[in-house]
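> Starting from these lines, generate the structure:
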Amino acid sequence: MPIVPQQLVILDRDGVINQDSDAYIKSLEEWIPYPSAIEAIARLSQAGFTVAVATNQSGIARGYYDEAVLAAMHARLNTLVEAAGGHIAHIAYCPHGPDDTCSCRKPLPGLLIEIQKQLGLSTLAGSWMVGDSLRDLQAGEACGCRVVLVKTGKGDKTNEKGIGLSNALIHTDLAEFADELLKLRAY
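Okay, the predicted model is just below:
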């Protein structure tokens, strides 16, 4: 069955799916998922939504961890989601630092465009982008996504600033957003 943009949910990782840290998530042991987020991804998948992840991982450029450690984190994520009955269609990540000149680091839309190409979509307009920071929302808006701020991770601080959030839906966490999205779909 072809993927339609309205049924694509793109998630930031740190702060949305798992706990975040100002000191970076540098090891598999530090990667601690929110159980409600894993279940939310599974429920979205089971309801016919395609779920993808777009994550900045500048800790690689900073030398805090390498791509093998990141791959182990993403393998654990996929294992947990699949054990809950869900599926992540693609994980796009930017390994660059903020001073590197790349097109993938959010708020630029490169990671989302990678997801679009990987999934064979002609557009991302109407898709959902869920994040805990303004840069997540900016990347989503650049691609025509509907944007959602969750208050987990850095989301509370982002919400308190209120800058650039006029188009964003705001939810307590990914589970609450999934509940609302699934209710909307029922109508």
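
> Give me the three-state assignment for residue 129.
Recorded secondary structure, residue 129: strand (DSSP: H, G, I helix; E, B strand; the rest coil).

> Could you number the chain from 6 rather than 1 from now on?
Let's use 6 as the start, then, which means that last one is residue 134.

> so which helix or strand takes in the spatially closest residue to it that is not a sequence neighbour?
Nearest non-adjacent residue to residue 134, counting by Cβ to Cβ, 6 or more residues apart in numbering: residue 145, 2.6 Å away. From N, CA and C alone the C-beta is placed, and that goes for glycine too. If you go by DSSP states H and E, residue 145 is part of helix 139-147.

> List the pairing partners of the next helix or strand after that helix within its sheet, with orientation.
Using DSSP H and E, the helix or strand that follows helix 139-147 towards the C-terminus is strand 151-155. Its sheet considered, strand 151-155 pairs with strand 133-136 (parallel), strand 174-176 (parallel) by DSSP bridges.

> Would you mind writing the CA trace of the helix or strand where residue 98 lies as PDB?
Following DSSP H and E, one finds residue 98 within strand 95-99. The C-alpha coordinates for strand 95-99 follow below in PDB (Å, rounded to 0.1, in the frame of the first residue of the first chain):
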ATOM      1  CA  HIS A  95      13.300   5.000   8.400                       C
ATOM      2  CA  ILE A  96      15.700   6.800  10.800                       C
ATOM      3  CA  ALA A  97      17.500   9.800   9.300                       C
ATOM      4  CA  TYR A  98      20.300  11.300  11.300                       C
ATOM      5  CA  CYS A  99      22.700  14.200  10.900                       C
END
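
> average pLDDT across it?
For strand 95-99, mean pLDDT is 98.

> Can you list the low-confidence ranges for the chain?
Confidence mapping of the chain against pLDDT under 70 gives the ranges 6-7, 9-10, 191-192.

> Residue 14 versus the residue lying closest to residue 190 once chain neighbours are set aside, what's the distance?
Nearest residue to residue 190, sequence neighbours excluded (Cβ to Cβ, 6+ apart): residue 52, at 6.6 Å. Distance, residue 52 to residue 14, by Cβ to Cβ, to the nearest Å: 10 Å.

> Mind checking which of those two has more residues around it?
residue 14 (26 against 14; other Cβ atoms under 10 Å).

> Pull the distance from the strand holding residue 98 to the chain's centre.
In terms of Cα atoms, centre = their mean, to the nearest Å, the centre of strand 95-99 is found 9 Å from the chain centre.

> Beyond it, next helix or strand please.
helix 115-123.

> With that, I have no additional questions.
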